[in-house]
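> Test case, fold it:
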Amino acid sequence: MKRIQLIFCVETNQQTKTDFQYIMSLIDRFYEYNNGHILIKPVYLGGKGKYSTQKNIGMVNKLITQFGAGSDNSESYVFICIDCDKYDSDPADRQFLTQAEEYCQARQNYDLIWFCRDVEDVFLGHMVADKQKKAEANRFVKNHMIDHIDVHRLTEKKYKAHSSNIRLILDQLLPIKKS
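Coordinates of the predicted model:
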């Protein structure tokens, strides 16, 4: 059986880890992955747009190399996970999304996972102040709030407030849990 590694490059930093908490809650809820053939790793980018810095590219490449060492039967997939922010009203945010799309399209096994307006807006249904993000993510996980999310918000093909394309991407790679 083929081994796969999923690398989630998230905008948050290593101290807060909030974006990855939401993503892992979703994976735990909807997918089978504890079979020894799927490895899930975060790369904490430490801010918006830092997916293409030399440091972060180096971290991704190191994970890919380590995972594939000595095996012809493994493959890594990289997800650039970004917030859409004000994509519909700010030309700079729209340009940022276009650049991120192009970055992923130019690389093999890269996909863009977006959250409109941000990851908290998708999973909680509202924006959260920066100083409250860690507490809200912890509450989301602790209270299993993923069980109450409208799954249709996670399967959008186009940018739309309170939505994401994350399930469209992951459904192609991970076995879906049977209800």
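> partner strands of the lengthiest strand in the chain, parallel or antiparallel?
Longest strand in the chain, counting residues (DSSP state E): strand 74-83. Here strand 74-83 is paired, per DSSP bridges, with strand 3-10 (parallel), strand 110-116 (parallel).
> got the buried residues for that strand?
74, 76-83 (16 or more other C-beta atoms under 10 Å). From N, CA and C alone the C-beta is placed, and that goes for glycine too.
> before we move on, what about stretch 18-27?
So, applying 16+ other C-beta under 10 Å, buried residues of stretch 18-27: 18-27.
> which residues touch the longest strand of the chain?
2-11, 19, 23, 48, 51, 60, 63-64, 67-68, 96-97, 100, 103-104, 107, 109-119, 169, 173 (C-beta atoms under 8 Å, 6 or more residues apart in numbering).
> tell me, how many neighbours does Cys104 end up with?
Neighbourhood size, Cys104 [other C-beta atoms under 10 Å]: 17.
> just His152 next, same as before
The tally of other residues near His152 (other C-beta under 10 Å) stands at 9.
> Am I right that it falls within a strand?
No: using DSSP: H, G, I helix; E, B strand; the rest coil, the assignment for His152 is helix, not a strand.
> which residue is nearest the centroid of this protein?
Geometric centre of the chain, nearest residue: Cys81, 4.1 Å, by C-alpha atoms, centre = their mean.
> What's opposite that residue in the beta bridge?
Val10, Ile113.
> got the buried residues for whichever strand or helix holds Val141?
In this assignment (DSSP states H and E), Val141 forms part of helix 133-142. Of all the residues in helix 133-142, those buried under the rule 16+ other C-beta under 10 Å are 133-134, 136-137, 140-141.
> ditto for stretch 106-116
110-116.
> so which two of the residues you listed are the farthest from each other?
Spatially, the most separated pair among those is Tyr110 and Cys116, at 19.9 Å (C-beta to C-beta).
> Got the confidence number for Phe30?
pLDDT recorded at Phe30 is 96.
> nope, Ser179 is what I was after
Ser179 is given a pLDDT of 69.
> Start at 22, not 1
Sure thing, new numbering starts at 22, so read that last one as Ser200.
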